[in-house]
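> I would like the atomic coordinates for the input below:
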Amino acid sequence: MIDEEKISVKKIREILESVNDPEVPVLSIIDLGILRDVIINDDEIEILITPTYSGCPAIDMISMNIKLALIENGHKKIKITSVLSPAWTTDWMSEEGKQKLKAFGIAPPTLKQQICHTELFHEGEAIQCPRCNSYHTKLISQFGSTACKALYVCETCKEPFDYFKCH
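I've put the predicted structure just below:
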């Protein structure tokens, strides 16, 4: 049984660092910025999360993985609450998470792209290839392997890649 006095938000957040997004397994829910808050009420732990999209198919699995991680660490009373407002934004992603995306082969959103995101698909702003760093890239589809990504191809190295869309 867990000593209630030893439960802290910091310790819970450390546990949650191990919970990864099932669609982008190199990112923890903290890197992704979907963990909104940890609330401790007596011996119950409430985790507030915001999906990247309101219909995100991964959110149920993420909720289950959060519960499993906490149970494995001795916590029994767990409540997961989805918070839809304000809507998730790529601004909430950690810089470390963005670097992990690039190393994994997914072009991360950048500040310039976030500022110009409404024009991305209309004016053809180049997205940097995560493999060779070229900006000579071309949009293939506004939807990549998941709804939160677009599919691009690099015209320099000829490799296709996903781009994590800004929003």
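> What's the first helix or strand after the helix or strand of the chain with the lowest mean pLDDT?
Sorting the helices and strands of the chain by mean pLDDT, DSSP states H and E puts helix 120-123 at the bottom, at a mean of 45. As assigned by DSSP states H and E, the chain's next helix or strand after helix 120-123 is strand 137-141.
> which residues are in contact with the helix or strand following that following strand?
Later in the chain than strand 137-141, the nearest helix or strand by DSSP H and E is strand 149-154. Defining contact as CB atoms under 8 Å, 6 or more residues apart in numbering, one finds that strand 149-154 is touched by 106-107, 121, 127, 129, 131-132, 134, 136-145, 159-165. Any C-beta I mention is one placed from the backbone N, CA and C, and that applies to glycine too.
> tell me the contacts of the residue nearest the centre of the chain?
By CA atoms, centre = their mean, the chain has its centre lying nearest to residue 32, at 2.7 Å. Applying CB under 8 Å, 6+ apart to residue 32 gives the contacts 21, 24, 52, 92, 93, 97.
> Who are the contact partners of residue 49?
The contact partners of residue 49, by CB under 8 Å, 6+ apart, come to 29, 34, 35, 36, 59, 62, 63, 66, 80, 81, 82, 83.
> which residues does it bridge with?
Beta-bridge pairing for residue 49 (DSSP bridges): residue 35, residue 82.
> Read off the pLDDT value for it.
Here, the pLDDT recorded for residue 49 equals 97.
> contacting residues around residue 98?
Residue 98 touches 108, 109, 110, counting by CB under 8 Å, 6+ apart.
> What pLDDT does the model give the nearest residue to the first one once chain neighbours are set aside?
Which is residue 108. Closest residue to residue 108 apart from its sequence neighbours, by CB to CB, 6 or more residues apart in numbering: residue 98 at 3.8 Å. Here, the pLDDT recorded for residue 98 equals 95.
> give me the element residue 98 is part of.
Per DSSP H and E: helix 95-104 holds residue 98.
> Run the angle between that helix and strand 149-154 for me.
Put simply, helix 95-104 runs at 50 degrees to strand 149-154, going by axes from the mean of the first three to the mean of the last three CA atoms, to 10 degrees.
> Understood, closing this out.
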